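Engineer: generate coordinates for the sequence data below:
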Amino acid sequence: MKDYRISFDIGGTFTDLVMLDRNSGTLSVAKVLTTPHNPSQAVATGVRRLLERQGIGPDALGYAVAGATTLVANTLLEGKGARTGLITTRGFADVLEIGREIRYDVYQNAPQMPPPLVPRPLRKEVDERLDKDGKILTAMDPAEAMARIEELAAEGVESIAVCLLHAYANSAHELAIRDLIDKRLPGVSVTLSSELLPQIREYERTVNTVLNAYLQPALSHHLCGLEEALRELGVPAPLYMMHGAGGVVSVDTAARFPLKLLESGPAAGALAAVFYGRLTHTHNLLSFDIGGTTAKACLIEGDRPGVTNDFEAARVDRFKKGSGYPVRLPAINLIEIGAGGGSIARVDAMGLLKVGPDSSGAAPGPACYGLGGTAPTVTDADLVMGYLNDEFFLGGELKLDRKAAERVINEHLAKPLGLTLIETATGIHRVVNESMAAAARVHVAEHGKDPRNYTLIAFGGAGPVHARDVARRLGIPRVLVPHSAGVLSAIGLLVAPPALDFVKSYVTPLAQIDWAFLDGLYAEMTAQGVETLKRVGADPKLITRELSADMRYVGQGRELTVALPEELPASRNPELLAKAFYADYQRRYSRCLTDVPVEALSWRLVVRAPAPKVSLAHRAADGASLANARKQPRRAYYYDIQDFVETQVYDHDRLMPGALIEGPAIIEQRGSTAVAGPGDRVSVDAYLNLTIELNGGDVAKRARR
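Structural biologist: Numbers count the residues shown, from 1 in each chain. Okay, the predicted model is just below:
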């Protein structure tokens, strides 16, 4: 009987794993240190540990093994992608460096930009030309194209990006070049812009095609390693991958389009937040996910997080838009901050305390891990402040070295700053919390919302430790900490639907739409999507479509992605399109012009199968006291009262539904620790999720500020 499902999320510091018993609804979790040199090693260790803990064999695992990975983002950040070549239309080899000719910082005459991932000698041009409608103006010469391929072969390229002018309207020349590459260089990866991103804007399309080609060999090797590791364990279930827009796809699709996986881990966390919001009947959530390397925040209203088609990767300046590689593939709309449990603290040239964005990662990790780390980190500060249990980290699997944490904080920070140990640890905690709160504040404000109307749902290894103070800084009165919060992103993988996004450019005024052509466009995307989802076991009869279009006023430089009315394909009424655009424009900008013509640029489609049905086990309240859940109390520092306080500690797994806890309190689970301060109240629901009601007067006072 294949009654178990397993999922894993490979992070920069930890690899989180979850196993679900589909009959009882119980979850088993594991959190192991990531093995950067070979990520599949940590996955194999975690899977083996879960199987042994449940006393089952690998053949009990069902049809779905889903994984998210940070390898894509790390490959870009570390510059460790493939040696990549580019074939483009003559005259367009310098698009990567010309870009949009916009300075992201007006106060810098020569702002630093991320380096082109294809050196100039590896960019080859061919004589061919299409017009904007795809009509061939200059036919491509196969002999010339083969000569360019030979030049790239001599340079030893591992991957080739093909991006020709207006190929989104006619892919014939790109397909012909791929056939030539396959004949001459059968082992080299190839990415066509017409398959990855068939839409207008040459710079963005070229960058995305190059990014995908740059990542392809590394991710293919990584996926092969994961499949091999699971096969050696005897796991019969196929491996599926999460993509950045929150859907699950086959390994073959992931290997072809690795750029789609760029935000897969954060996307899984946002989906888990939606699931727990529904489970606890909590609406209007601000998800707050802190791992070892980064923190992520996402605004959630309704049943799905928002999706954006415009974000950046590998920014030179993390907080300045325009300083990274533009990515035009759909991804869940969230903000990422370079602050996590492993973020390194230092004294800068001005004598000020700074935290992050660089991280100690999994190797060597924070000093308190005892694995060779010598730099003070956020986790070291949390331990010194009494929030972490040095005997129960990862459920006791990793003993923390308090003296090592104290030593590195004293040597590197306290002495140079002239502060005490606890003042310095508190400073680290406050700096990183303010960084997270400031980023979340901007994210919420950009959506025109007030954070005080939301509940903060905290997860990740460090999220529940820092959630209380971040919520207080935002004026948020309530924090939700799910059971198994430390591995919540992996739980998100279990509830993710099979889904895929498509886009095709067809620029036309709304009044002049060729409806037969548009019908064909959507029919082509639908057929491709259904065929792809069938590979992950989706029933074609249950697959649904979501249509949208990128529209703007004629003459505008940017567009809005607007959901299309369901009745549009049948009605063929351009007025429905215009009304949808006006309504969205009014909602975003509080005004709209109804006497200016509107045009559509690109047409989008999401094909989606039903999400897996996941029912979690719950307990009935039995009136048991808190005595069974109490552990040894310890002193913890709360800087809002500037003192250590004797704090009661609880075992999360031993709590019972209906329990009420008065703060200060620390609730420990295997992969994370929740902190409630003086005056806070903690309640436990039937699924052992915690709701922390923050001290009302204190939160209100901060909100008024």
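Engineer: make it CA atoms for all contacts and neighbour counts henceforth
Structural biologist: Will do.
Engineer: shaky segments in this protein?
Structural biologist: The chain contains residues with pLDDT under 70 at 1-2, 63-64, 318-319, 362, 569-570, 621-624, 696-705.
Engineer: give me the domain ranges for it.
Structural biologist: Domain assignment of the chain by automatic domain parsing yields the ranges 4-76+221-261, 343-429, 499-608, 626-704.
Engineer: list the helices and strands the helix or strand that contains residue 633 packs on?
Structural biologist: Using DSSP states H and E, the element containing residue 633 is strand 630-638. When contacts are defined as 3 or more CA pairs under 8 Å, 6 or more residues apart in numbering; DSSP states H and E, strand 630-638 sits against strand 643-651.
Engineer: excluding its backbone neighbours, what's nearest residue 254?
Structural biologist: Distances taken as CA to CA, 6 or more residues apart in numbering put residue 241 closest to residue 254, at 6.7 Å, once the chain neighbours are dropped.
Engineer: ditto for residue 189
Structural biologist: Spatial nearest neighbour of residue 189, excluding adjacent residues (CA to CA, 6+ apart): residue 159 at 4.5 Å.
Engineer: can you verify my assumption that that neighbour contacts residue 213?
Structural biologist: Yes. Taking contacts as CA atoms under 8 Å, residue 159 lies within contact range of residue 213: 5.7 Å.
Engineer: more neighbours: the two, which one.
Structural biologist: Counted by other CA atoms under 10 Å, residue 159 and residue 213 do not tie: residue 213 has more neighbours, with 32 against 25.
Engineer: is it correct that the more buried one falls within a helix?
Structural biologist: Yes. Membership of residue 213 in a helix is supported by DSSP: H, G, I helix; E, B strand; the rest coil.
Engineer: related to what we said a few turns ago, so the residue nearest to residue 254 sits against residue 70, correct?
Structural biologist: No. Applying CA under 8 Å, one finds residue 241 not in contact with residue 70, separated by 12.0 Å.
Engineer: what about the strands in the stretch 251-400 of the chain?
Structural biologist: Ranges of strands within the stretch 251-400 of the chain are 285-290, 295-301, 304-305, 307-308, 311-313, 325-327, 331-332, 335-337, 343-347, 353-359, based on DSSP state E, counting those that start in this stretch.
Engineer: partner strands of the fifth one, parallel or antiparallel?
Structural biologist: By that I understand strand 311-313. Using DSSP bridges, strand 311-313 pairs in its sheet with strand 325-327 (antiparallel).
Engineer: cool, the last one as well?
Structural biologist: On the basis of DSSP bridges, the sheet neighbours of strand 353-359 come out as strand 343-347 (antiparallel).
Engineer: so which residues make contact with the strand it pairs with?
Structural biologist: Contacting residues not belonging to strand 343-347 are listed as 292-293, 353-360, 375-378, 412-413, 416-417, 428 [CA atoms under 8 Å, 6 or more residues apart in numbering].
Engineer: any of those buried? List them.
Structural biologist: Neighbour-count burial (16 or more other CA atoms under 10 Å) is assigned, among these, to 292-293, 353-357, 359-360, 375-378, 412-413, 428.
Engineer: so the residue of the chain positioned farthest from its centre: helix, strand or coil?
Structural biologist: Distance from the C-alpha centroid of the chain, by CA atoms, centre = their mean, peaks at residue 143 (43.2 Å). Three-state call for residue 143 (three-state DSSP): helix.
Engineer: how near is it to residue 192?
Structural biologist: Using CA to CA, to the nearest Å, one gets 19 Å for the distance from residue 143 to residue 192.
Engineer: picking up where we left off before, so which of the buried ones among the contacts of strand 343-347 comes closest to residue 89?
Structural biologist: Residue 89 has its nearest neighbour among the buried ones among the contacts of strand 343-347 in residue 357, at 38.9 Å by CA to CA.
Engineer: I appreciate the help and will end here.
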